[in-house]
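*Asks:* fold the following for me, if possible:
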Amino acid sequence: MNVWGIHMGEKVGSSPLDKNYIGIGWQALGNLQKYGKSREQLKRALSEEFPEVKKGAIPQNAGVLFRFVNEIKIGDIVIYPSKDRIINIGHVIGEYSFVETDEHGYPNHRAIEWLASFSRSEFSQSALNEIGSALTLFSVKSHRNEFLSKVGLVGATTESSSNMEDVEYVDDDSVTESISYQAEQTTEDFIIKQLHAKLDGYEFEHFVAHILECMGYKARVTSKAGDGGVDIIAHKDELGFEPPIIKVQCKKSVSSNGEPEVNQLLGALGEGEYGLFVNLGSYSRPARLLERNKSKLRLIDGDELVELVLRYYANLSPKYRALLPLKQIYVADLT
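*Replies:* Numbers count the residues shown, from 1 in each chain. Take a look at the predicted model:
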């Protein structure tokens, strides 16, 4: 089997996982099977339909389309890093299909059976860098066994048929964008791993309270025992009598927290109180739906916590800056 990595944009949301597929775009080309097994036909079609695309990028894009239709085989493994700090691993169970009604602009589909999902923190940084490729679709080679071991497939053979012609034509903008993205992801991974490894649960509560203080709140960590699911109480006034009162629950988990845990926090709220749930991982779809339906509830995941750390880094205490040693750099923004 081959091991493939694929990137899909944020606009697909949870659709690939909910509907068990991977997809790529280029909708204007229609059903890619009409080009047969000819890369040259794909290149000509791309040049005609997308004259604004740089000439050097045409072979790269044609190669992605060709591999998606012709080189991915039933039984191959697919690694899909979704936008919630989750690495999803599945295997291909269907031939290429064109879904004209795809609402996200990714009409070229392959059916997938998802085997498992893992937090990014469960993989080495070099493995994460490999799946941060500049290409939409690419072969995973150097760290294939690290990913396969997560689903019990270490030692599976590979037939690596991918034509490396495409990699030679990756345009400068794609490479630059990929490097910028990897720099951001590496920093994010570092922060999450440091907080998870170096702080226990109670220390993590104090860290979150400190972030809230950097944001202008007064924050008090509750006692370890009998907190009723509330770890921090935050407010704007000095004494904490004036609304709004924010009750915070903290979980140092890098996995997904679900609706039952979020409901526990909601049950601790009184009149005029608001709930804030903070973790290092993600939230289940039912939990996110609950957040959308409850105006007094806010969920902060690992990505958002990192954004707060970076935004208020200059205000962090020396203790936390030593825990998270960072320096400011500038990277290209081609989005």
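*Asks:* which residues in the stretch 51-200 of the chain form strands?
*Replies:* All strands of the stretch 51-200 of the chain, identified by DSSP state E, counting those that start in this stretch, fall at 77-82, 86-92, 97-98, 108-119, 137-139.
*Asks:* list the contacts for the residue nearest to the spatial centre of the chain?
*Replies:* Residue closest to the average C-alpha location in the chain (Cα atoms, centre = their mean): residue 83, at 2.6 Å. Residues near residue 83 by Cβ atoms under 8 Å, 6 or more residues apart in numbering: residue 10. From N, CA and C alone the C-beta is placed, and that goes for glycine too.
*Asks:* where does the stretch 1-150 of the chain dip in pLDDT?
*Replies:* 134 (pLDDT under 70).
*Asks:* if we go to 80?
*Replies:* Low-confidence segments of the stretch 1-150 of the chain, defined by pLDDT under 80: 10, 56, 83-84, 133-135.
*Asks:* can you check the stretch 151-300 of the chain too?
*Replies:* Within the stretch 151-300 of the chain, the stretches with pLDDT under 80 are 154-183, 185, 224-229, 239-243.
*Asks:* okay, the strands of the stretch 51-200 of the chain in JSON lines with mean neighbour count and distance to residue 15 next?
*Replies:* Formatted as JSON lines, the strands of the stretch 51-200 of the chain follow (neighbours: other Cβ atoms under 10 Å; distance: least, Cβ to Cβ, whole Å):
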{"stretch": "strand 77-82", "mean neighbour count": "21", "distance to residue 15": "10"}
{"stretch": "strand 86-92", "mean neighbour count": "20", "distance to residue 15": "12"}
{"stretch": "strand 97-98", "mean neighbour count": "15", "distance to residue 15": "15"}
{"stretch": "strand 108-119", "mean neighbour count": "18", "distance to residue 15": "11"}
{"stretch": "strand 137-139", "mean neighbour count": "22", "distance to residue 15": "18"}
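*Asks:* relative to residue 196, which of the ones you listed is closest?
*Replies:* Residue 196 sits nearest to strand 108-119 of all the strands of the stretch 51-200 of the chain, at 9.2 Å, using Cβ to Cβ.
*Asks:* each with direction, which strands does the closest one pair with?
*Replies:* strand 21-24 (antiparallel), strand 86-92 (antiparallel), strand 97-98 (antiparallel) (DSSP bridges).
*Asks:* nearest to residue 58, out of those strands?
*Replies:* strand 21-24 (15.5 Å).
*Asks:* can you pull the buried residues of the next helix or strand after that closest one?
*Replies:* Remark: after strand 21-24, the chain's next helix or strand is helix 39-49, criterion DSSP states H and E. Of the residues in helix 39-49, 39, 42, 43, 45, 46 count as buried by neighbour count, 16 or more other Cβ atoms under 10 Å.
*Asks:* quick check: closest non-adjacent residue to residue 308.
*Replies:* residue 211 (5.5 Å; Cβ to Cβ, 6 or more residues apart in numbering).
*Asks:* having no further points to raise, I will conclude here.
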